[in-house]
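# mind folding the following:
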Amino acid sequence: MSGTKARLATRVAEVLRTEITDGRIRPGDRLPSETRLAELHGVSRTVVREAIATLSFEGLVQARKGAGIFALKAQSGPFVNLDLGRVSSVIELLELRRAVEVESAGLAALRRSPQQDERILAAHQTVLDCLAEGKPTRDADFDLHIAIAEATNNPRFTEFLTLIRIGIIPRGELQTGQDNVRPQDYNRDLAQEHGDICRAILNSDEAAARQAMQDHLKGSLARYRALLRGNQHTAS
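Numbers count the residues shown, from 1 in each chain. Just a heads-up that it's a prediction; the model follows:
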């Protein structure tokens with residue numbers, strides 16, 4: 001699956017995931033057909049199938065031969081037992097990401113194509129634009145990490161990040177009570193850290209790319225551990 005289709009599949013999966021976890025699609029409900037979902041979301045059936053495959057892997061839907069796709073209660077499968085309203089769960093994911101994304105940055109520095117260079121730069125610029133305009137950075141931040149994963153030219157990196165999409169960029173209400181909004185003390189270092197990663201990758205400096213990603217995720221981990229120590233997290 002191309003990078004564009006992967007991003008579309010991620011978007012469709014996130015919309016359906018939210019509808020299931022919010023109860024708008026209840027356990028036992030049959031989802032619309034692939035054709036109807038493709039029409040509703042303006043994508044191809046291939047994209048819909050990939051989105052459904054992701055939700056199936058997460059234990060949120062089940063295909064029943066001859067009957068369709070049905071929603072399940074979110075109680076089994078990888079990562080579905082995370083409480084993403086708590087900083088401790090965010091820390092668990094950040095620790096796991098350090099094991100994967102440091103390697104991702106190093107491989108991207110070695111394997112990326114000119115087109116992938118452009119994609120990384122564009123994604124980084126989108127984050128900078130969001131910061132400058134005071135807009136939410138969550139989706140743009142995730143897209144940059146996906147662009148780096150794509151540049152490894154190993155699709156498993158992108159698949160992994162897509163699998164944990166719901167928690168990879170922690171929700172803003174952990175800090176501010178407002179979804180998708182981060183405090184200044186979080187965003188303060190974001191541009192510098194992202195910039196260091198991008199420069200190293202575009203300079204084909206594998207060691208520097210690994211170190212920059214390590215520093216970025218270590219910084220994120222330190223910030224969220226500080227929140228945990230301050231007991232500022234809430235259950236949701």
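# what about the helices in this structure?
Using DSSP state H, the helices of the chain run over residues 3-21, 34-41, 45-57, 87-111, 114-133, 138-150, 155-163, 165-168, 184-187, 190-202, 206-229.
# looking at those helices, which is buried most?
helix 138-150 (a mean of 22; mean count of other Cβ atoms under 10 Å). Quick note: C-beta positions are derived from backbone N, CA and C, even for glycine.
# Ala71 and Gly28 touch, don't they?
Yes: contact criterion Cβ atoms under 8 Å: Ala71 and Gly28 qualify, at 6.7 Å.
# which one of these two has more residues nearby?
Between Ala71 and Gly28, counted using other Cβ atoms under 10 Å, Ala71 has the larger neighbour count: 22 against 9.
# report the set of residues contacting both of Ala71 and Gly28.
Here Ala71 and Gly28 have no joint contacts, going by Cβ atoms under 8 Å, 6 or more residues apart in numbering.
# identify the residues contacting the closest residue to Arg98 other than its chain neighbours.
Closest residue in space to Arg98, ignoring its immediate chain neighbours: Leu217 at 4.7 Å, by Cβ to Cβ, 6 or more residues apart in numbering. Applying Cβ under 8 Å, 6+ apart to Leu217 gives the contacts 94, 97-98, 101-102.
# now swap in Arg98 and tell me
214, 217-218, 221.
# make CSV from the residues you listed and add distance to Arg7 and pLDDT to it.
Shown next, in CSV, are these (distance: Cβ to Cβ, whole Å; pLDDT from 0 to 100):
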residue, distance to Arg7, pLDDT
Gln214, 26, 96
Leu217, 22, 92
Lys218, 27, 90
Leu221, 26, 82
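# now those residues in JSON lines, with distance to Glu58?
Formatted as JSON lines, those follow (distance: Cβ to Cβ, whole Å):
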{"residue": "Gln214", "distance to Glu58": "28"}
{"residue": "Leu217", "distance to Glu58": "23"}
{"residue": "Lys218", "distance to Glu58": "28"}
{"residue": "Leu221", "distance to Glu58": "24"}
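# show me which of those is closest to Gln62.
Closest approach to Gln62 among the contacts of Arg98 (Cβ to Cβ): Leu217, at 34.1 Å.
# how far away is that closest one from Leu96?
For Leu217, the distance to Leu96 equals 10 Å [Cβ to Cβ, to the nearest Å].
# rewinding a little: reformat the helices of the chain as TSV; add distance to Gly66.
Formatted as TSV, those follow (distance: least, Cβ to Cβ, whole Å):
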stretch	distance to Gly66
helix 3-21	21
helix 34-41	14
helix 45-57	16
helix 87-111	38
helix 114-133	41
helix 138-150	35
helix 155-163	28
helix 165-168	30
helix 184-187	49
helix 190-202	48
helix 206-229	45
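# residue at max distance from the center of this protein?
Gly66 (32.7 Å; Cα atoms, centre = their mean).
# tell me the contacts of the nearest residue to Asn153 once chain neighbours are set aside?
Nearest non-adjacent residue to Asn153, counting by Cβ to Cβ, 6+ apart: Arg111, 4.8 Å away. By Cβ under 8 Å, 6+ apart, the residues touching Arg111 are 151-153.
# just the buried ones out of these, please.
Among the contacts of Arg111, those classed as buried by 16 or more other Cβ atoms under 10 Å are 151-152.
# for Leu107, state which of the contacts of Arg111 is nearest.
Thr152 (4.0 Å).
# torsion angles phi and psi at that closest one?
phi -70, psi -20 (degrees, to the nearest 10).
# so what's it closest to, chain neighbours aside?
Leu107 (4.0 Å).
# then Ala147?
Ala123 (4.3 Å).
# ok, that neighbour to Ile20 distance?
28 Å.
# ok, now Arg49?
From Arg49 across to Ile20, the span is 17 Å (Cβ to Cβ).
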